[in-house]
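In: sequence and predicted structure below; questions after.
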Amino acid sequence: MARHVAATVEEIPPGQRKIVEVGGRSIGIFNVSGEFFALRNRCPHQGGPLCHGPLEGRIESTGPGDYSVRRPGEVLRCPWHGWEFDIRTGQSWFDPARIRVRRYEVVIESADLNADDRLSGQSQREQGPYVAETYVTAIDQSHVIVDIPE
């Protein structure tokens with residue numbers, strides 16, 4: 001599984017999204033009340049730019065004139081033909097057993113001095129013949145990491 005730093009947490013406020021290229025794929029990263037989800041930016045219907053569509057909730061009704069909105073901001077509607085998908089699972093609302101959009105795992109990690117080594121899988125580097133003078137630095141941010149299967 002390849003890990004990619006896609007954004008900082010501050011770049012995607014609650015209720016918002018960011019569309020990024022990760023591992024050669026266009027992916028939408030969504031912040032739903034502080035939880036992050038990543039979906040492929042391609043509708044399985046006709047390949048539309050799914051992650052550009054509106055975020056909505058599920059409308060439920062017990063009868064005429066009575067309705068409520070559940071799970072606001074958790075349903076993504078394709079801007080081309082209106083197909084709806086659950087941001088948490090990638091499943092479609094009209095045929096959840098057969099139709100879904102690719103979902104990617106998202107992890108939030110604090111920035112640290114070894115972030116480059118951790119993400120590249122190279123914790124042991126070979127010492128070269130020249131050594132530069134270095135200074136300790138710190139970044140006070142958290143990163144949104146998307147795991148892409150290889």
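Out: Structure's in. What do you need?
In: residues near P149, how many?
Out: The tally of other residues near P149 (other C-beta atoms under 10 Å) stands at 9. Every C-beta, even on glycine, is put in place using the N, C-alpha and C of the backbone.
In: measure it to S92 for me?
Out: For P149, the distance to S92 under the criterion C-beta to C-beta, to the nearest Å works out to 21 Å.
In: repeat that for S26.
Out: Relative to S92, S26 is positioned 19 Å away (criterion: C-beta to C-beta).
In: more crowded one of those two?
Out: Just comparing S26 and S92: by other C-beta under 10 Å the higher neighbour count belongs to S92, 20 against 14.
In: tell me the helix or strand right after the helix or strand bottoming out on mean pLDDT in the chain.
Out: Using mean pLDDT, DSSP states H and E, helix 115-120 stands out as the lowest-scoring helix or strand of the chain, at a mean of 48. Downstream of helix 115-120, the next assigned helix or strand under DSSP states H and E is strand 142-148.
In: what's the spacing between that next one and its chain's center?
Out: 8 Å (C-alpha atoms, centre = their mean, to the nearest Å).
In: check which strands are paired with it and give the direction for each one.
Out: strand 2-8 (antiparallel), strand 103-110 (antiparallel) (DSSP bridges).
In: now do the longest strand along the chain: everything it contacts.
Out: Using DSSP state E to assign secondary structure, the strand with the most residues in the chain is strand 66-77. Applying C-beta atoms under 8 Å, 6 or more residues apart in numbering, the external contacts of strand 66-77 come out as 15, 28, 30, 32-33, 39, 50-51, 53-61, 83-88, 93.
In: and the helix or strand containing E60, what's buried?
Out: When elements are defined using DSSP H and E, E60 is found to belong to strand 55-63. Along strand 55-63, these residues count as buried under the neighbour rule (16 or more other C-beta atoms under 10 Å): L55.
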